[in-house]
Every structure is written in structure tokens, then in C-alpha cells.
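>>> What would the 3D arrangement of this be:
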Amino acid sequence: MKQIHIAIESLLLLFLSLFGQALEANGAKKSAIDYQKLAVEDLKKTKEAIEQYTKAIESESDSAYLYYYYRADLKERMLDRLGALKDYDQSIKLNPSFAYAYNRRGLVRLGERDTLGAISDWDKAIDLKPDFAQAYVRRGALLMDQEAAMKDFDKAIELNPENSVAYYNRSVVKLNMGDSLGALKDCDKIIELDPEDYYYCMRGSLKEDMHDFEGALKDYDMAIKLKSDGADYYYRRGSLKEDMHDFEGALKDYDMAIKLEPDEANYYCRRGILKVSMDHPYRALNDFYEAIQLDPSDPNPYCALGNCMLKIYDYKQALKDYEEAIALKPDLAEAYTGRGLAKLELKDTVGALKDYDRAIELDSSQAEAYFDRGIVKEAKGDTSGALKDYSKAIELDPTSDYYAARGFIYLERKNYEAGKNDFDQVIKLGTSSCGCDYYNRGLAKINLKDMKGALEDFDKAIEMDHKQAGAYGYRGKAKAELGDTVGAIKDYDQAIKMKSPAKGLIYYYRGLLKAGQNDKQGAMKDYDKAIKINSDEDAYHARGKLWLEMGNLDKAMADVNTAIEKNDKEDAFYVTRGEIYMEKGMESSSASEVEGMFAAALSDFDRALSINDKNSDAYEHRARCYRMGLKTVAPAEQVKEWETKAETDQQKAKSLKQEKK
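Coordinates of the predicted model:
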């Protein structure tokens, strides 16, 4: 709850309404009471009233304790607390059972920061007068024990159901104990009893904390209606409107707060921060300068100014501003976070990392520090550390930027399910207008073989940004997998025309489709372009397979060997090379060469299956190799064994294909 505390200060300003009745009931002279009333109305007469009480004390010993008591009250008004304390002491000395004197002395002791003495006096006042509602309110306000304080406020309300201060203090205790609804009920009662502007503001703050923004807005509106010159009310309402994304309304309220209190530095700082969030950083500069001029000891305007300098790309000045903030408050976590970002932009990754570490050490609840540190770690190649920091940032503040950053790492690590889930959250929280979040989720889906879902996401990405070349490329791939060859080639054509950054990959994909349509020359041209752009192993492999189909075994072997050199963990490459070895063996007239080629082919098929024992093509081609070998190179003693192996591999290939279907 913003700046709401138990009303200790208000206790010091309350006056006992029964003073005059108590004095008259105890036989005080009319002239003394008249002077007291006159003193309340006109403080210039206070000294004269004090003189009258002094005379009364000297002349009438029976009522002296009352005159000491009343004179003490006047001395309090003169800010003579020590003099008041002595008079209350004397009143209590003359009449130890006078509960009112203990009550008022407690207030004076509180003013002198003697909390224990004040509590002791209110304990005594309650002992002497168990129905003394005001003493319960005052004692409860000082008790550290929330349960005990609650009992005091409950008792005060029981004794006086119209005591608005008791309801106010009890509402604060309830809030501290987590009973927001109970606190709100007490606030409602306070306003019913005493519909003052301050109480509307207090209830508005409570509703704001409970995320009842509309209710809070109505209460702030009422507070302003009752006190149109309340600068703090405009400031609070402006802050609420900012949270409600009514930035223009918030700006107007901050303007009014500044107009009413032009010397309040915090108002300028807050308005400047709002202007930065509205993408008006240059307009914000003067607000930060004014705040610093009004209060050069406050680190927050320097920190906010640093944030503003980041927005206008003046990283060196931002660094200086953060250093000023840190010099004023070395434990200001936000300043270290900002300075870390400035250092990162200035390529000082080591310094940036140290600042983020320090920011997190000072405030481990600062999501932005974890996020920014994750960026540094990712830039340094520590994706595991970045992943942990992004996850922590999401735990603290699940925003779309944080999910997107983690989602990118998951995609890079080929953890497509986790990546898809993160971009689900990004889209749920509110995607950007460029459609890139749908594009990224589409990438995850296409790798998860969810082609229909991928197609929907790429459609959406293109709808939001028709210039997104990559989306056309991957949509083409999804269409191809779904059997829409014509639509796929159109999308590939469009992506190439738009000069997609992934143009090499798109040529490769288009080449595959053309090869499937028996357009070997078109496919070969696309593979050539793909290799020229990216020198990608898949393109070499595809071109090698095409050379194999076209009967150019040497070029086929050269391309597939290059693919294996680039990636020796891909089972399909070994299957294709095994096929090439078999074809070379069939063409050879040399028995030794034929034997070598079949041995090499079998070795490649074995290698493919060691990488992926679910590769049906490898089993099928190895079975074929055994059968062909039976006619040419199989030793007589191994014929039966090779026949068995061929049959076993053929059955395995058939079984795997059925499983795949």
C-alpha cells in the first residue's frame, strides 16, 4: 500500500474532546475554561491563558492537577514539549488516578520518540479507565505485535463504533496481515463516518494494490473532487492511469501535480519516465534535469536520465549518469542494471557482466537484470547460462520479450517443443505487429512435423507482414510436405524474388521439388545456386543423388564425400554413398575392384545403421548389396550366411516401413 502507515502523526494532532467537560465536572473556574477555549481559537492568546493557569495553580491546590493538565495542553500548542511533559508529570503526581493525563503524556512522549514510555502511559490510562477508546487506538498504533494491535483497535471500535481513526489503523494492520478484503471493509466504514479526501485516496491506493483499477480511479477522482489542489492525489491518479495504459491521461495528471507543487522533484522524474515510455525521450530530458536541480542528492533522477540516454543511443552519457546514481546510492540495483546495458552497448561485456551480477546480488527480484545478463551470456556463447537467466526472468516477470529470448535458444538447440511452448506464450501475451512470433512458432512446428500448424502460422506471419521473405520460404516447405507442390514452388519463387536471407536453403528446397517433378535440369541449377550461396551439406547430398540418377557416378561421389566431410553424423549420406559404391561395382570389370566396391558399400550401410538403426533405406540397400554380392563376390563358404543376412535386412526394412505408415 503506497505510503500508508498507522496514523501516529495524526494521533499527535488529535485533541481530547472531553477536556472541557472533565474540567467543569471537577470544579474548574469558568475563567480558566474560557481562556482555554480562547487559546484554541486564537493562539496569540495562548501565553495569556498559560498565565491564568499559573495563577490558578498557585491559588487553588485542590484543582491544581487539572490546571497543570490544561496548561500542559497549551504548552504543547506552543511546541514546548518539555514544559508540557513536566506539567503532565505534576498532574499525575497530584492525582495518580487521572487517566486523561496519562493519555496526553503518552502523546508528548511519542513526540519525543519515547515509544516505550508512551505505551506505558496508555497501559496505565486503560488500567484506570477500561472504556478509554482513544487510549486503545493510540496504544495499538505503536504495538509491534499485529495481533495485539488488532485487539486494541477492535476494543476501541467496540467502545466507539464511530471512531474513524480506529478503523483506519485496523485497516492497515489487516493489510499487513494479508487480509485485503477486511482492510477494504474498514476503509468503506471510514468513508461512511468521515468522507474526507484523504480517506478516499487511502482506499484508492488499497484498491490499486488489489488490482481493482476502475474502483481505485473512482476513489482518486473523488479525492480530487473534494480537494482540487491536492497535488499528491493527481500524482497517484497519474501513476494509476499509467498502469492502465492511459498515458495521455497520466501525463495530464502529472502536469497538474507539477503545477500545484512545482518544487516536488519526484513529480518531474515520474513525468520524465512516462515520456520515455511514450517514445519521447528528448522531451523527457528537461524533466530529469529539473528533478536533479531540485534534489541533487536523489539518485533516482540520475538513474532515470541514464535510461533516457540509452533510448537516444548516447551510451557514454548514460554510463556517466548511472555512475552519478551509484555514487549517491551504492546499493541502487537498478543503476547497476542500466550501467550494465550501457557497457554492453559499448562492447564492454566483461564490465557489463560484473554490473549485472552486482545488480542481482543487491536485488534478486529484478527480472530485467537476469534478462540483460542472459543477453551478455548468450553473446559470449554461454547459452546454458543465458537459458537459466531467461528462465529466472520469466519466473519473476513473465513478459513476451523474456519468453521470446528463451524461445530462440530452444530453437537453436533444436528443442522445438520447448521453443513452440515459449512462442505460444509470446503470442498469448501479445505479439508484435510484424508477425515474427508466428514465424518463429512456425519454425518450431515445421521441425515437429506439424505441417498444418506451421502453415497456419506462416499464413498469419505473411498476413501481418507480407514482406517477410523467410515466411514464404518456410510456408513453401510446409506446403511441399502437405503435397501442394505448385503452391510450394510459388512460395519459393516469391522468397527468392524478395532476396530472403535464407535464399540458399530455399533454392535447395525448390530443387528437391523440381527433382520430384523429374525436372532434373531445373533441380540441378537450384542445387548449384544453393551450394554457391551456403555450401550446405544437404545441398551437396541432394546434388550427389541427382548425379547418381543421371549416371554421373564420379560427380555423385565427389558431392556426397563433401557432404560427409561437412557432417559425418548424417546416416542418409552414407546410404547414398553406399549406393554409389554398388553402382561403381556393377560397372567395373575388375574382380578385385568389384570386391572392393561392394565391401565399401556394405561398410557405408553398416555406418548408416550405427547412426540410425531405424533407417529402412539402409536395410533395404544392404539387402540388395548382399544379393548382388551373391552373384559376384561372395565366398562359397559365406553364401548361406549372405542369403540369410539379405533376407533378414529385407524383412527389417519392410517392418520399419510399415511402422512408419
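
>>> my read: Gly374 touches Asp382, true?
No: Gly374 lies out of contact with Asp382 (C-beta atoms under 8 Å); the separation is 9.2 Å. All C-beta spots, glycine's among them, are computed from the backbone N, C-alpha and C.

>>> So for the two, which sits in the more crowded spot?
Higher neighbour count among Gly374 and Asp382: Gly374, with 26 against 15, using other C-beta atoms under 10 Å.

>>> Pull up the gap between that one and Phe423, please.
Going from Gly374 to Phe423 by C-beta to C-beta, to the nearest Å gives 17 Å.

>>> What residues sit buried inside the helix or strand containing Ala183?
Using DSSP states H and E, Ala183 sits within helix 180-193. For helix 180-193, a neighbour-count test (16 or more other C-beta atoms under 10 Å) marks 180, 182-184, 186-187, 189-191, 193 as buried.

>>> Closest one to Ser535 out of those residues, please.
Closest to Ser535 out of the buried residues of helix 180-193 is Ser180 (63.5 Å), distances taken as C-beta to C-beta.

>>> Could you report the pLDDT at the closest one?
On pLDDT, Ser180 comes in at 88.

>>> Now the residue most central in space within the chain: phi and psi?
Taking C-alpha atoms, centre = their mean, the centroid of the chain lies closest to Asp397, which sits 2.6 Å from it. Phi and psi for Asp397, reported as degrees, to the nearest 10, are phi -150, psi 90.

>>> my read: Ala342 touches Leu319, true?
Yes: using C-beta under 8 Å, Ala342 is in contact with Leu319, at 4.5 Å.

>>> Next, work out how far apart the residue nearest to the centre of the chain and Ala141 are.
36 Å.

>>> Val486 now?
80 Å.

>>> Check Lys520 too.
To Ala141, Lys520 is 91 Å away according to C-beta to C-beta.

>>> do Cys187 as well
Counting by C-beta to C-beta - Cys187 and Ala141 are separated by 17 Å.

>>> cool, and Gly117?
Gly117 sits 15 Å away from Ala141, going by C-beta to C-beta.

>>> Between those two, which has more neighbouring residues?
The neighbour count for Gly117 versus Ala141, taken as other C-beta under 10 Å, is higher for Ala141 (26 against 16).

>>> In this structure that one contacts Ala149, no?
Yes: the criterion here is C-beta under 8 Å, and Ala141 meets it with Ala149 at 7.4 Å.

>>> if we can go back for a sec, list the contacts of the helix holding Ala183.
Helix 180-193 is contacted from outside by 162, 164, 167-168, 170-172, 174-175, 199-200, 202-203, 206-207, 209-210, using C-beta atoms under 8 Å, 6 or more residues apart in numbering.

>>> Likewise for stretch 415-428?
With C-beta under 8 Å, 6+ apart as the criterion, stretch 415-428 contacts 398, 400, 403-404, 406-408, 410-411, 437-438, 440-441, 443-445, 447-448.

>>> for that stretch, which positions count as buried?
For stretch 415-428, burial by neighbour count (16+ other C-beta under 10 Å) applies to 415-416, 418-423, 425-427.

>>> ok, now stretch 240-251?
Neighbour-count burial for stretch 240-251 [16+ other C-beta under 10 Å]: 240-242, 246-247, 249-251.

>>> and it, how far from the chain's centre?
Here stretch 240-251 is found 19 Å from its chain centre; the criterion is C-alpha atoms, centre = their mean, to the nearest Å.

>>> same check, this time on stretch 473-486
For stretch 473-486 - counting by C-alpha atoms, centre = their mean - the centre lies 38 Å from the chain centre.

>>> Could you check how far Lys47 is from Val108?
19 Å.

>>> of these two, who's got more company?
Between Lys47 and Val108, counted using other C-beta under 10 Å, the more crowded position is Val108 (26 against 12).

>>> low pLDDT regions in the protein?
Residues of the chain meeting the criterion pLDDT under 70: 1-44, 60, 431-433, 634, 661.

>>> Can you show me the strands along it?
Shown for the chain, no strands are assigned by DSSP state E.

>>> quick one: contacts for Arg270?
For Arg270, the contact set (C-beta under 8 Å, 6+ apart) comprises 235, 238-239, 254.
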